[in-house]
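**Q** need a 3D model of the sequence below.
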Amino acid sequence: MFLPSVNIPFQAYPSFIAGANILFACIYSTTIRTHPRLLAFLRMTLSIPGTWAFIRFAWYNGYVRDHSRGTYLGMATMSLYGMMKLLEVCWIRELDDERPRWVLKPNAQEPEKVVLPIPTDVRGRLAYTFDYLSTIRGCSWFPDRVWDFAPPYASTYSPPNSSSRLAFLQHQLISLSIQALLMDVFDVFVKSIDWAHLAHTTPTPVTSLPLHLQITFSLAVLITTMLYLTLPYTVMTTIFVVSGAATASSCPPMFDSPFESASLRDFWSFRWHHIFRRTFGRMGKPFLLLLPSSASPKTRRIARLAVTFFLSTTLHLLLLTTLPPLPPSSTNPNPQPFPFLDWNTIKFFLTQPLGLTLESVFIFPLTEGLSPRLKTTFRRAFAWSWLLFTGRYWSDSWTAKGLFNADSERPIIFSLVRGVLRGNWII
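**A** Below is the predicted model:
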């Protein structure tokens, strides 16, 4: 799924394969109803070497890696996702015996969703296990179903130009070309500043700039983050659909039109990617069980938001710990590893539940009596003002960690913009 994964060192694959196979065995065991206590003990036991395999995959320093810092982040994301899924399958499910279920997509014959039973035969169990192991957002390899935790747009997605594989291929190639051009434009823009020098002189490279540039770079980080996910996703889905391994209806977009978000809640709950939706929801279960039974739905919703963004903060802090120190320079001759507590990251992710609370308590009631158009305009203005203003902190973290360094980070190989402006077609 992640573009940096193409640069994974060959020596790292055995660790990831070992972790994935252990996770496969643990998921398969959840489909068996006999001997539940024995199987639960076996899953918990297997989760220990499985977790170690994923840790070694991302954090072992003996690999010979390329210079791209994106490679480190890509491997760490895969590793953390595997560990979180092990935690969910082997430990958290013992709290409520919850198991993900297939749900048939609504159609003309069956307009309501139909929850399918968990398979009981070996072939069905293997299909269930592989499908759940490989899903991230709740999409399924089977065209007639999704998982019960899939976002709403995944179950209702109708692909354009899906009448034939050739039409789908043409649509995907156009989309890929537009994405590559956008990545090229923003890559040239963000690298117009010497971030390597700024990162050595200040821990806040973006917020030390004039305000209009701060907001501009905050938007640039948002868009490039999206492109880092959508570019490889577009390539992989094109290969799967054209080869016949998947159908177009099984491959909804990574994002649900985030720039059309009508509110901050709409952005984070429905429009942004849902890669960690399932794992964060399940990992937050033990925290939410601490709430008293008398807690109101609003209190539970606020608590769920706080826990989700706390987990997201922790995840992103762990991702950044895999990055090696920046290269030595005249202003920083002895670079040190990055500390776990990166305050720029913490500020960005923990201000999001604050914004959602302010929106719920003040913005929604104050705009409720307005016309639909004015209501949407004011709510959208608050959402994007909050996102871009707080996004400056995440941009500080992104640039201070060297993720915009011109010497090491090359998200594209062929540059039309550089070619036209400077004659540098290959970067």
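**Q** contacting residues for Trp386?
**A** Counting by CB atoms under 8 Å, 6 or more residues apart in numbering, Trp386 makes contact with Leu264, Thr351, Gly355, Glu359. C-beta: built from backbone N, CA, C; applies to glycine.
**Q** switch to 7 Å and redo it
**A** Leu264, Gly355 (CB atoms under 7 Å, 6 or more residues apart in numbering).
**Q** how close does it sit to Trp343?
**A** In this view, Trp386 and Trp343 are 19 Å apart by CB to CB, to the nearest Å.
**Q** so what's Thr321 up against?
**A** Contacts of Thr321 by CB under 7 Å, 6+ apart are Phe338, Phe340.
**Q** let the chain start at 38 from now.
**A** Right, with 38 as the first residue, what we last looked at is Thr358.
**Q** so the closest residue to Glu131 other than its chain neighbours versus Arg130, what's the distance?
**A** Distances taken as CB to CB, 6 or more residues apart in numbering put Ala77 closest to Glu131, at 5.8 Å, once the chain neighbours are dropped. Going from Ala77 to Arg130 by CB to CB gives 9 Å.
**Q** swap in Trp139?
**A** Taken as CB to CB, the span from Trp139 to Arg130 is 17 Å.
**Q** ranges for the strands of the stretch 188-337 of the chain?
**A** Read by DSSP state E, counting those that start in this stretch, the stretch 188-337 of the chain holds no strands at all.
**Q** that one: helices as residue ranges?
**A** Assigned by DSSP state H, counting those that start in this stretch, the helices in the stretch 188-337 of the chain fall at 189-193, 202-227, 232-238, 248-280, 301-303, 314-320, 322-325, 334-358.
**Q** show me where pLDDT drops low in this structure?
**A** 38-43, 101-104, 145-148, 198-200, 365-374 (pLDDT under 70).
**Q** domain assignment for it?
**A** 40-193, 218-459 (automatic domain parsing).
**Q** between the ones you listed, which one is closest to Arg202.
**A** domain 218-459 (5.3 Å; CB to CB).
**Q** my read: Leu266 touches Pro295, true?
**A** No - contact criterion CB atoms under 7 Å: Leu266 and Pro295 do not qualify, at 11.5 Å.
**Q** who are the contact partners of the residue nearest the centre of the chain?
**A** Among the residues of the chain, the one closest to the centroid is Ile312, at 4.3 Å (CA atoms, centre = their mean). Going by CB under 7 Å, 6+ apart, Ile312 touches Ile173, Arg174.
**Q** please enumerate the strands of the stretch 38-187 of the chain.
**A** 139-141, 151-152, 182-184.
**Q** need the winner for burial among these.
**A** The highest mean neighbour count among these, using mean count of other CB atoms under 10 Å, belongs to strand 182-184: a mean of 23.
**Q** which strands or helices does that strand pack on?
**A** strand 139-141 (3 or more CB pairs under 7 Å, 6 or more residues apart in numbering; DSSP states H and E).
**Q** strands paired with the strand it packs on, and their directions?
**A** Using DSSP bridges, strand 139-141 pairs in its sheet with strand 151-152 (antiparallel), strand 182-184 (antiparallel).
**Q** Leu425: which element?
**A** helix 409-437 (DSSP states H and E).
**Q** chain center to whichever helix or strand comes after that helix, what's the gap?
**A** Next helix or strand after helix 409-437 toward the C-terminus (DSSP H and E): helix 453-459. What separates the centre of helix 453-459 from the centre of its chain is 31 Å, taken as CA atoms, centre = their mean, to the nearest Å.
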